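> Okay, sequence plus prediction incoming.
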Amino acid sequence: MDRILLVILSLGIAVASCNSDDSISENNSKELGLTYVYIGDVELSTSLDNKDVKTDQVIEIRFDKSVDVVSVEGNIRLMDATGQDLYLEYSFLNENKLLKVHHETLHENAYYRLVLSDELQSFDGAFFGGLEFSFLTFSSPLIMKAMEMDSVKLNPLHVIKDVSRDPSIVFKFNSSIAANDLADYLSFSTNNLPVGYHLTQVDDKTVSFSANQKLMGYKKYQLRIASDIESRIGKSYEGLDFSFYTALDSTYKFPEISDDELLTKIQAQTFKYFWDFAHPVSGLIRERNSSGETVTSGGSGFGLMAMVVGMERGFISRSEGVEQLHTIIDFLGEADRFHGAWPHWLNGTTGKVIPFSQKDDGGDLVETSFVAAGLLTVRQYLDSTVTNENSLIAKINDLMDGIQWDWYTRGGQNVLYWHWSPNYNWDMNMQIKGYNEALLSYVMAASSQTHSIAAEVYHQGWANNGAIVNGESYYDMQLPLGTAMGGPLFLAHYSFLGLDPRNLSDTYANYWDQNRSHTLINRAYCLENPQGYVSYSQDCWGITASDNQSGYSAHSPTNDRGVISPTAAISSLPYTPEESMQAIRFFYYMMGDQLWGAYGFYDAFNVTEDWVADSYLAIDQGPMIIMIENYRTGLLWDLFMSCPEVQEGLTKLGFSY
């Protein structure tokens, strides 16, 4: 009673104010009416569910008459779910029509009852009819305030990589959470396979996480806490979806051997692709290990050079190789050709064209140039004094003479065109202009003994009157030709499997400098790793066209998707022997358990996406075996460059070699 009297005195006693005619607009009703009840911004109702009531907000009760403050004591009560009364204090405003009820902070997610007794009276003696309100208090969400891994605070929005293989993760929440509750809503996995773990209660708001086993190296792990934990703890939670990448497992996956033995092993294993996946009818090489009837002309050109390596290194006998060459060359002579040019794809049994795209169902001059280079290299390797081999030389010369390079100038233009189709004519409309993988096409066209092109076709078409020149520096290395940062690294490989760049120059570039700079720029980009991909390093580099987790793409520093292709660094071995050998050792010893298969290194991998190809592609396999051999002995370069017609063609175009 003293508490109420003190409040009355502080307000100047409402009775005195009633003597003023304009102080209260009295309701003549004999009942005290209720206008509203609010707790914070929630208006309570007797007929609706009252939810999300703030725990620390004052209760505001508005009546239609001035309340007799003495009647409030004991007639306004706030009780918890057990019926226990809470201690209340009151204050009065607006001539005692507005009552503010102060209470201790309520519990979250708890039910309470607010009772207004029928003993409440107005100043003029009117009684209140009595009401009761039930409400549920607001529950603040569960929030992870911090997450630490091996005592280092993490930002889940960043890529977390190089994590130890036995990490300790600590979750710190804003309110109490039991490890047992968390466990039923937490999952831990890699590649969608569950990984065992255990949780430890550190304190009422902190839980630590550990895996039950040492994690694998260079793997992506996902840790999730489901948002529907709310059903267990009564608090909303937005959920956690957190990924991290473990550090490399640096133990050697295979016994260490000498670098020379390792290069031989890679060549031998890679050669098996060109032997085992040669089509049984045509001998031509399947596009990829899963291609069935589809064989590739360009990949088969690389395969012809690989056959030379296979015979020279003793992976197959010379007689086996020559027999297979007869099969291939006879088939090429009978297969579909379009003004002498082979299509990109052929049916390995029938020799009929398989369209590469809708309108690409005719001759492909760039793929044909790879076949031609392979044929000439084989011709130079064969022994004309051996009857069985001399007959192959004659067949190769006939095939070469049948390629109408000049037809692909499209009526005498000073540029070569990539495609011609008997069904779509020149609709593909793709001029072969540099700088790309097709330098060889112009060298082959200029070298033809029957359908040669003029030098102007090279200078105005391929070189685009000098527009192929780049001259810019990237990572302090000048790039003589091509687009920004050089493009995919296969541009330094395909034309140069036989074409020897060691002393090759023309008006526009020194091609050894071009290919070495291109390779070093590609590597420097990987070292910078501007997009923060996992695994990029001085050991793990090389971006080029290859498979990826979504399909196939011409990867490059300007089209970087986190994909490393072993062929990129390995096929660059002649240009960057130390750097490439460093990558080769890494791919074999450190990642060999994931990358090394029956036919050598798989096509590509992306640690960031937790993906490794299960495929092999002829156009990526071929450059590895060939360029390793060129690094070791220069065999393919020496053979191709020994062709008199190639020397004649290079001289015509203004090359020194």
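Everything's here; your move. Residues are numbered from 1 along each chain as shown.

> Check which helix or strand the residue nearest to residue 537 when sequence neighbours are not counted maps to.
Among residues not flanking residue 537 along the chain, residue 527 sits closest, at 6.9 Å (C-beta to C-beta, 6 or more residues apart in numbering). Where you see a C-beta, it was placed from the backbone N, CA and C, and this is true even at glycine. Using DSSP states H and E, residue 527 sits within helix 511-528.

> again, but for residue 501
Going by DSSP H and E, residue 501 is not in any helix or strand.

> in terms of contact, does it touch residue 512 like I think?
Yes. Look at residue 501 against residue 512 with C-beta atoms under 8 Å: they come within range, at 4.8 Å.

> Per-residue pLDDT of the residue nearest to residue 537, please?
Residue 527 is assigned 98 on the pLDDT scale.

> likewise residue 396?
So, for residue 396, pLDDT stands at 98.

> And it, which helix or strand is it part of?
Per DSSP H and E: helix 387-401 holds residue 396.

> Helices of the stretch 451-600 of the chain, start to end?
Under the criterion DSSP state H, counting those that start in this stretch, the stretch 451-600 of the chain contains helices at 455-456, 511-528, 566-570, 577-585, 592-595.

> Residues in contact with the first one: which ones?
This points to helix 455-456. Defining contact as C-beta atoms under 8 Å, 6 or more residues apart in numbering, one finds that helix 455-456 is touched by 414, 446, 652, 653, 654.

> Just confirm residue 224 is within a strand.
Yes. Assessed with DSSP: H, G, I helix; E, B strand; the rest coil, residue 224 lies in a strand.

> Just grab the bridge partners of it for me.
residue 187, residue 241 (DSSP bridges).

> How many residues are close by it?
When neighbours are counted by other C-beta atoms under 10 Å, residue 224 registers 15.

> what's the offset of stretch 480-500 from the middle of its chain?
With C-alpha atoms, centre = their mean, to the nearest Å as the basis, stretch 480-500 stands 25 Å off its chain's centre.

> So the residue nearest to residue 537 versus residue 594, what's the distance?
22 Å (C-beta to C-beta, to the nearest Å).

> and what of residue 294?
28 Å.

> again, but for residue 315
Counting by C-beta to C-beta - residue 315 and residue 594 are separated by 25 Å.

> per-residue confidence at the nearest residue to residue 426 once chain neighbours are set aside?
Leaving aside its sequence neighbours, residue 426 sits nearest to residue 410 (C-beta to C-beta, 6+ apart; 5.8 Å). What the model reports for residue 410 is a pLDDT of 98.

> What's the separation between residue 410 and residue 419?
For residue 410 relative to residue 419 (C-beta to C-beta), the value is 10 Å.

> Give me the common contacts of the two.
Contacts common to residue 410 and residue 419, judged by C-beta under 8 Å, 6+ apart, are residue 426.

> what about those two, which has more around it?
residue 419 (28 against 14).

> Ramachandran coordinates for the more buried one?
For residue 419, the backbone dihedrals (degrees, to the nearest 10) come out as phi -130, psi 150.

> Show me what it bridges to in the sheet.
The partner residues for residue 419, given DSSP bridges, come to residue 364.

> need the helices for the stretch 151-300 of the chain, in chain order.
179-183, 230-233, 259-276, 297-313.

> I meant the stretch 1-150 of the chain, not that one.
Going by DSSP H, counting those that start in this stretch, the stretch 1-150 of the chain shows helices at 2-10, 14-17.

> residue ranges with poor pLDDT in this structure?
1-29 (pLDDT under 70).

> For the host helix or strand of residue 328, name the packing helices and strands.
Using DSSP H and E, residue 328 maps to helix 318-334. Helix 318-334 is packed against helix 297-313, helix 365-381, helix 387-401, with contacts defined by 3 or more C-beta pairs under 8 Å, 6 or more residues apart in numbering; DSSP states H and E.

> mind giving me a markdown table with those and columns for mean neighbour count and distance to residue 423?
A markdown table is the format used below for those (neighbours: other C-beta atoms under 10 Å; distance: least, C-beta to C-beta, whole Å):
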| stretch | mean neighbour count | distance to residue 423 |
| --- | --- | --- |
| helix 297-313 | 27 | 18 |
| helix 365-381 | 26 | 17 |
| helix 387-401 | 16 | 24 |
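
> List phi and psi for residue 216.
For residue 216, the backbone dihedrals are phi -70, psi 150 (criterion: degrees, to the nearest 10).

> on that earlier part again, out of residue 501 and residue 512, which sits in the busier spot?
residue 501 (23 against 17).

> list the contacts for that one?
511, 512, 514, 515.

> can the residues you listed go into TSV with extra columns for distance to residue 215?
Shown next, in TSV, are the contacts of residue 501 (distance: C-beta to C-beta, whole Å):
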residue	distance to residue 215
511	46
512	44
514	43
515	40
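
> Drop anything exposed from these.
If you count burial by 16 or more other C-beta atoms under 10 Å, the buried members of the contacts of residue 501 come out as 511, 512, 514, 515.

> Noted, bye for now.
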